[in-house]
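Got a predicted structure here, sequence first:
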Amino acid sequence: MNLDIEDQDEIHDATEADIRAGLARLNSRGPRFAVLRIRPHYYIQTYAVDDGRLDVDYREGGPDRAYASPFPQSKDAVTDAFLSYLYDDNRWRTAFEWKRQPEEDQ
């Protein structure tokens, strides 16, 4: 899996250490976002909000398969979700409430 942290080169074959270090750096002043990608349109991503928590969402294919947690989450909870995604153990799917997102305009 590839890890993309704002203002940093993409990390190919990301490790647990890469994810922990990358997410630990996120804050509202930057870097603000991180994406862990299996392949195009299959990813989990997060974005730092002003109170120190993180918005988190994922996509599995087409625009009709995009979901977001309706509430910001703690950095620890998002880190655990990213690691679960990395290890393909599916705990991330039940870690948060997920709401389907409206399809983006093409």
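Looks like it came in fine.

use CA for all of it now, contacts and neighbours both
Noted.

So W92 sits against S84, correct?
Yes: W92 is within contact range of S84, at 5.6 Å (criterion: CA atoms under 8 Å).

Find me the pLDDT at V56, would you?
Per-residue confidence at V56 stands at 98 (pLDDT).

show me where the protein has strands.
2-5, 33-39, 42-48, 54-60, 66-68, 99-100 (DSSP state E).

what's stretch 87-95 in contact with?
When contacts are defined by CA atoms under 8 Å, 6 or more residues apart in numbering, stretch 87-95 is touched by residues A77, D80, A81, F82, S84, Y85.

S28: which of the residues you listed is nearest?
Among the contacts of stretch 87-95, A77 lies closest to S28 (CA to CA), at 17.4 Å.

Need the buried ones from the contacts of stretch 87-95 selected in ChimeraX.
Here is the ChimeraX command that selects the buried residues among these (16 or more other CA atoms under 10 Å):
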select :80,81,82,84,85
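
Which residues are in contact with T79?
The neighbourhood of T79, defined by CA under 8 Å, 6+ apart, consists of I19, R20, L23.

Contacts only, for the second one.
R20 makes contact with T79, according to CA under 8 Å, 6+ apart.
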